[in-house]
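Engineer: Need a 3D model of the sequence below.
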Amino acid sequence: RNCRQIWNYSSDSGAAERDCGPEPYLCGAGNSDTSGFDPSGRACVLCGKARGYLGRDCKTIRHDLPEAGTVEWDSESKPYLCGTEVTGSVEKGVRIRGLIHVGSLFCEILLTKFFYRSKLFVNHKVSKRGGSGMGLYLNPGNEAFRQAVTDDIYVDKTDMISLMNRKLNKSRVKYVCVSRPRRFGKSMAADMLTAYYSKDCNSRELFAGRKVEEDELFEVHLNQHDVIRLDIQRFLFDESHLDIFIDKIQEAVIRELEQEYGGWFQVDQYGLPGVLGQIYTHTKKGFILIIDEWDCVFRFAKERGDVQKAYLDFLRGLFKGAVYVELAYMTGILPIKKYGEHSAINIFDEYSMIEPKNLGKYFGFTQEEVKKQCGMYGINYAEVEKWYDGYQLGDINVYNPKSVVDVLTWKKFKSYWTGTETYEALK
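Structural biologist: Reported below is the predicted structural model:
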């Protein structure tokens, strides 16, 4: 079951061997064999049928796929290969005869020698990950940030990444919670961090010429980390979800981890924290967790103390003493202390509108940034200042990004920010 140990050392074409567990595998082709091969070299080593396909167990070995080199998925969403004519070297992302290599280890595939390590191969037409390696929650890529930087109005805040780089893997400072009102760029910052750190995408062009490119650590961490990106609101858009959303979060993330690291863990009663711990134990690879709208649960479940406690317990299990956490970055609306002293959240350093610390200039648009945009769009800065200069964070004047972008777009002065929520919510 440990896929590292599956290797055909035999020089005889068509020979079959086993790994340290009970699962069969196939080499490339050749002769008949008493263990179940037919002359085509593609028989199941257990039942002897022609065109056997490597599966996680004998129940999932397939015999009904006609094409050589095809990759399919068994009933547990785990990839397996037919044992057929593939020769030469396969580099990451290169497709040869229906096979696409999405891993980074042991790229060599030979006709009579096949090294199968966990989930290295998927078919780009039938795999759930589409062959790109990007998921909805695990390494979701850079598309959200790409849309932001290509918008007509974009203000460069990428130097905030430099501050996060210096928090990575430092137990005292790697837990960051940013609390600020709606429409102050929380999700934009989360998208930026995801695009920068996330593996399985190339974000170099998006950061070319940006402030962070000057950082000495820019190249070190660019697209080099596993990122788990969650927006809790996506799991809570109906009151009926309150009793299931924690399970659904874990199921969704584990499903994608299965495709990337399925050979390294088994799901148990400890759920997602247990899975991440097992992956780290085997690979020594950590994760960056970016959680947007972490506190929306408390707004949805105002009268459900049981749900609130279950959620905080889940966060405690996810973060408390977790060596697999390289960086945890959470955004919310209300300050952490609003929710008490639960150990799930008191490990976080909080950056709020009242105490922004060294993140104040990333909470909105600064005076200099607004002046520059007004000059570009022909808007009277003095009038913008009169309408929207409402926040003093230490010695920094901060403008609400929503208001500034809207007045630059529509050339009309009005109260834009208050129109983003109901009066009851704002109150």
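Engineer: So M164 sits against K174, correct?
Structural biologist: No - checked against Cβ atoms under 8 Å, the pair M164 and K174 is beyond contact range at 9.2 Å. C-beta coordinates here come from the backbone N, C-alpha and C atoms, glycine included.
Engineer: Need the overlap of contacts for the two.
Structural biologist: Common contacts of M164 and K174, defined by Cβ atoms under 8 Å, 6 or more residues apart in numbering, comprise L327.
Engineer: What does the closest residue to V253 other than its chain neighbours show for phi and psi?
Structural biologist: The shortest distance from V253 to any residue other than its chain neighbours is 5.0 Å, reached at Y137 (Cβ to Cβ, 6 or more residues apart in numbering). Dihedral angles phi and psi of Y137 (degrees, to the nearest 10) take the values phi -120, psi -40.
Engineer: Y137 - how many residues pack around it?
Structural biologist: Neighbour count of Y137, defined by other Cβ atoms under 10 Å: 18.
Engineer: same thing with E256?
Structural biologist: E256 is flanked by 19 other residues according to other Cβ under 10 Å.
Engineer: if I've got this straight, it is in a helix?
Structural biologist: Yes - note on E256: a helix contains this position according to DSSP: H, G, I helix; E, B strand; the rest coil.
Engineer: give me the low-pLDDT residue ranges for the stretch 1-150 of the chain?
Structural biologist: Residue ranges of the stretch 1-150 of the chain with pLDDT under 70: 1-133.
Engineer: one more time with 90, if that's ok
Structural biologist: Low-confidence segments of the stretch 1-150 of the chain, defined by pLDDT under 90: 1-134.
Engineer: Ok, the stretch 201-350 of the chain next?
Structural biologist: In the prediction, the stretch 201-350 of the chain carries residues with pLDDT under 90 at positions 237-239, 262-263, 299-300, 302, 333-346.
Engineer: Now do the helices in it.
Structural biologist: Remark: helices of the stretch 201-350 of the chain, listed N- to C-terminal, are 204-207, 218-221, 245-261, 271-283, 296-300, 305-319; assignment by DSSP state H, counting those that start in this stretch.
Engineer: got a list of what I336 touches?
Structural biologist: I336 makes contacts with 177, 179, 345-346, 348, 350, as judged by Cβ under 8 Å, 6+ apart.
Engineer: would TSV of the helices of the stretch 201-350 of the chain with distance to T150 be doable?
Structural biologist: Formatted as TSV, the entries for the helices of the stretch 201-350 of the chain read as follows, by distance: least, Cβ to Cβ, whole Å:
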stretch	distance to T150
helix 204-207	9
helix 218-221	21
helix 245-261	27
helix 271-283	34
helix 296-300	28
helix 305-319	34
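Engineer: nearest to A190, of those helices?
Structural biologist: Taking Cβ to Cβ as the measure, the helices of the stretch 201-350 of the chain were each checked against A190, and helix 296-300 came out nearest at 13.8 Å.
Engineer: what residues does the closest one touch?
Structural biologist: Surrounding helix 296-300, the residues in contact under the criterion Cβ under 8 Å, 6+ apart are 232-233, 236, 239, 242, 245, 307-308, 311, 332-334, 338-339.
Engineer: which two in those residues are spaced the farthest apart?
Structural biologist: Of all the pairs that the contacts of helix 296-300 form, the one spanning the most space (Cβ to Cβ) is E239 and K338, at 21.1 Å.
Engineer: tell me the SS of V398?
Structural biologist: Counting by three-state DSSP, the backbone at V398 sits in strand.
Engineer: if I pick the residue lying closest to it once chain neighbours are set aside, what's in contact with it?
Structural biologist: Sequence neighbours aside, G364 is the residue nearest to V398 in space, at 3.8 Å (criterion: Cβ to Cβ, 6+ apart). With contacts taken as Cβ under 8 Å, 6+ apart, G364 has the following neighbours: 184-185, 391, 398-401.
Engineer: nearest to N380, of those?
Structural biologist: Within these, proximity to N380 (Cβ to Cβ) peaks at Y399, which comes in at 14.4 Å.
Engineer: Tell me, how many residues neighbour the residue nearest to H282 when sequence neighbours are not counted?
Structural biologist: Closest residue to H282 in three dimensions, ignoring its sequence neighbours and counting by Cβ to Cβ, 6+ apart: W264, at 4.3 Å. Here the count is done by other Cβ under 10 Å, and W264 has 19 residues near it.
Engineer: so W264 touches K284, yeah?
Structural biologist: No - the pair formed by W264 and K284 falls short of the contact definition of Cβ under 8 Å, at 11.0 Å.
Engineer: show me the biggest strand of this structure in terms of residues.
Structural biologist: Of all the elements of type strand in the chain, the one with the most residues (DSSP state E) is strand 325-332.
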